[in-house]
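1. need a structure here:
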Amino acid sequence: MLKTLAVVAAVAGAGIVVTACASMGPQADGTPRRQCLSSPLDTTRVIDEKTLFIQDRMGNAAVLHMSNQCLSNFDPTMFKFRGTSEICGKNDAEISGLDGHIPTPCFVDSIQWLNKDEAAKYR
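-> Numbers count the residues shown, from 1 in each chain. Alright, predicted model coming up:
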């Protein structure tokens, strides 16, 4: 009986290793794995009124494309996270700019994930 338990444990352990290896890289259909940026954000830079570059302390970076003109190079950009402190999708944080002293909500239209070389061009 003890020998049977050892075999079951070894097979279960091998399954965990296979599962862990399978979770790296692209998904089976070729689409990339879910990407996220974690707060605190290291860099936020307004590119124009509808475009924001963000990068976290781990070097993950993205360009957020807004559906409205809500950003300014002269005023701060504010983030209010929903549920977690990560941005993985376009509804994970409420982003707003300031129009004078009035917060202007930004609505994320799309997220363009960047590799390290692409991110370096935006810094």
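
2. quick one: the strands in the protein?
-> Per DSSP state E, the chain carries strands over the ranges 37-38, 41-48, 51-56, 61-66, 78-81, 86-87, 93-99, 102-106, 108-114.

3. in the second one, what's buried?
-> Okay, so that is strand 41-48. By neighbour count on 16 or more other C-beta atoms under 10 Å, the buried set for strand 41-48 is 41, 44, 46. From N, CA and C alone the C-beta is placed, and that goes for glycine too.

4. quick one on the thing from earlier: and the strands of the chain: which comes nearest Tyr122?
-> Nearest of these to Tyr122, taken as C-beta to C-beta: strand 51-56 at 4.3 Å.

5. and the residue nearest the centre of the chain?
-> Central residue of the chain (C-alpha atoms, centre = their mean): Cys36, 2.2 Å from the mean position.

6. show the pLDDT at that one.
-> Cys36 is assigned a predicted lDDT (pLDDT) of 95.

7. for it, give me its contacts.
-> 60, 86-88 (C-beta atoms under 8 Å, 6 or more residues apart in numbering).

8. if we go to 7 Å?
-> 86-88 (C-beta atoms under 7 Å, 6 or more residues apart in numbering).

9. nearest spatial neighbour of Glu118, skipping sequence neighbours?
-> Once flanking residues are discounted, Glu118 sits nearest to Ala61: 7.4 Å by C-beta to C-beta, 6 or more residues apart in numbering.

10. test my guess that that neighbour contacts Asn115.
-> No. Contact criterion C-beta atoms under 7 Å: Ala61 and Asn115 do not qualify, at 8.2 Å.

11. more neighbours, the two?
-> Set Ala61 next to Asn115 and count neighbours by other C-beta atoms under 10 Å: Ala61 wins out with 24 against 10.

12. what's the local residue count around the closest residue to Cys70 other than its chain neighbours?
-> Spatial nearest neighbour of Cys70, excluding adjacent residues (C-beta to C-beta, 6+ apart): Cys106 at 4.0 Å. By the criterion of other C-beta under 10 Å, Cys106 has 24 neighbours.
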